[in-house]
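Q: What shape does this take:
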Amino acid sequence: METLFVSREARLRRRENTLSITIEGKTRAFPIETIGHLVLLAESTLNSKLLTLCGKHGVRLSVFDYYGYFKGSFEPFNRNPSGQVKLAQAEILLNETQRMALARELVRGAAHNMQANLLYYRYRGKTGLEAMLKEMKRLVNLIPKAQDSSTLMGIEGNLHQWYYKAWKLIDPVLDFTPRVRRPPNNPINCLLSFLNQLTYTIVRHELFKTHLEETFSLLHSPGNGRSSLSLDLAEPFKPILADSLIFRMLGRKMLDASWFEQYEGVCLLSETGRRNIAEQFSIRLEERYQDRSFREWIYREALAIERHFLGVAEYESFKRKV
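A: The predicted model follows:
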């Protein structure tokens, strides 16, 4: 078990060399060696003995707030420092031509995977998607012409607008636009925000396994208190891990009103909703695609960026076959 999601109020303790989790009076022990990432999605209590154990075994601990947003983490000692990689990364970051080439490839990957989602449903008889696909194709053709980050981010934003407009043609329940984030105002915006946060958290965890510096980003602006390179690498995987999962849960009629708490134009996930969605996300993450799980593809993506920085191979973003 690489990632353990704790979606209910829990008490976490160290019991000898195991992780002990108590929920509603029931305690379960997990060998710490089997866990690489602990994600707390609900209010929990823990102590420094447990953090010491996590640090010793390289276990990352990520914390989400009541609203479903990633708020911080406990970082184990970095076992993979590499000055050579950081220098190579910084060199490309400071070269605008090389940095933009990589940023364009990230947006190209995200656009391809968004289009793949729409094409999947067009092949299955959903009509009216051609207009959105045509506009998205037009925007994709503009990507090579983007010479700065603001232009590229503008194209990426317009791609999302056309993409989200198409959702209601897949199912009327998906008529959720405009995209509202903080706080989300309806169940679909709520699901998107939560699943995108989970995707970012997993990408950050996989990125940690490489030698990359997480604040040296290519597309998103480097900022304080965030892993901007993880935001970059999450872009091609959001359509696959977050959007596709929403389509699937809706298609299988899994979504339930009890998963959401709505009041005064705000929509948040209930504890039941967080638990069910985290479970479905963990299943999606470990699904196999071309002999690898999506988690492994994320790790492979981070390695591909690192190899590009070192001049070993040119980076090509992950693109799902249509």
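Q: hey, let's count contacts and neighbours off CA atoms from now on
A: OK.
Q: I'd like to know how far the nearest residue to H57 once chain neighbours are set aside sits from G58.
A: Leaving out its chain neighbours, the residue that sits closest to H57 by CA to CA, 6 or more residues apart in numbering is E33, at 6.8 Å. Going from E33 to G58 by CA to CA, to the nearest Å gives 9 Å.
Q: out of the two, which sits in the more crowded spot?
A: More neighbours surround G58 than the other of E33 and G58, with 19 against 15 (other CA atoms under 10 Å).
Q: So which residues of the stretch 1-150 of the chain form strands?
A: Applying DSSP state E, counting those that start in this stretch to the stretch 1-150 of the chain gives strands spanning 3-6, 10-15, 18-23, 26-31, 37-40, 44-45, 60-64, 70-74.
Q: possible to save these as CSV with mean neighbour count, distance to T52 and mean pLDDT?
A: As requested, the strands of the stretch 1-150 of the chain are exported to CSV (neighbours: other CA atoms under 10 Å; distance: least, CA to CA, whole Å; pLDDT from 0 to 100):
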stretch, mean neighbour count, distance to T52, mean pLDDT
strand 3-6, 19, 18, 92
strand 10-15, 19, 9, 92
strand 18-23, 18, 11, 92
strand 26-31, 12, 15, 92
strand 37-40, 20, 14, 93
strand 44-45, 14, 15, 92
strand 60-64, 21, 11, 92
strand 70-74, 15, 10, 87
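Q: In a markdown table: these, plus distance to Y164.
A: Below are the strands of the stretch 1-150 of the chain laid out as a markdown table (distance: least, CA to CA, whole Å):
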| stretch | distance to Y164 |
| --- | --- |
| strand 3-6 | 28 |
| strand 10-15 | 36 |
| strand 18-23 | 38 |
| strand 26-31 | 40 |
| strand 37-40 | 29 |
| strand 44-45 | 35 |
| strand 60-64 | 26 |
| strand 70-74 | 24 |
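Q: which stretches of this structure have low pLDDT?
A: Applying pLDDT under 70 to the chain picks out residues 78-79, 223-225.
Q: Buried residues, the top helix by length along the chain. List them.
A: Counting by DSSP state H, the longest helix found in the chain is helix 96-123. By 16 or more other CA atoms under 10 Å, the buried positions in helix 96-123 come out as 99-119, 121-122.
Q: domain parsing for this protein?
A: 2-74, 83-310 (the TED database).
Q: Now distance to K319 too, for those domains, in TSV please.
A: TSV is the format used below for those (distance: least, CA to CA, whole Å):
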stretch	distance to K319
domain 2-74	24
domain 83-310	6
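Q: Which one, of the ones you listed, ends up nearest to S317?
A: The stretch from the domains of the chain with the least distance to S317 (CA to CA) is domain 83-310; that distance is 5.2 Å.
Q: Can you give me the end-to-end span of the closest one?
A: 12 Å.
Q: list the contacts for E271?
A: 7-8, 42, 259 (CA atoms under 8 Å, 6 or more residues apart in numbering).
Q: nearest to G128, of those residues?
A: For the contacts of E271, the nearest to G128 is W259 (30.5 Å; CA to CA).
Q: thinking that closest one is in contact with L191, fair?
A: No. Checked against CA atoms under 8 Å, the pair W259 and L191 is beyond contact range at 10.0 Å.
Q: So which of the two has more stuff around it?
A: For the pair W259 and L191, the greater number of neighbours falls to L191 (24 against 18), based on other CA under 10 Å.
Q: List the contacts of that one.
A: Residues near L191 by CA under 8 Å, 6+ apart: I246.
Q: Please report how far it lies from R8.
A: From L191 to R8 the distance is 18 Å (CA to CA).
Q: do K253 as well
A: Look at K253 and R8: by CA to CA, they are 23 Å apart.
Q: Look at the two and report which has more neighbours.
A: Comparing K253 with R8 by neighbour count (other CA under 10 Å), the higher total belongs to R8, at 18 against 9.
Q: Now the more buried one. Nearest residue, chain neighbours left out?
A: Among residues not flanking R8 along the chain, A42 sits closest, at 5.3 Å (CA to CA, 6+ apart).
Q: Next: E316.
A: Once flanking residues are discounted, E316 sits nearest to E105: 6.7 Å by CA to CA, 6+ apart.
Q: got the residue ranges for the strands in the stretch 151-300 of the chain?
A: Taking DSSP E, counting those that start in this stretch, the strands of the stretch 151-300 of the chain run over residues 260-263, 266-269, 288-289, 292-293.
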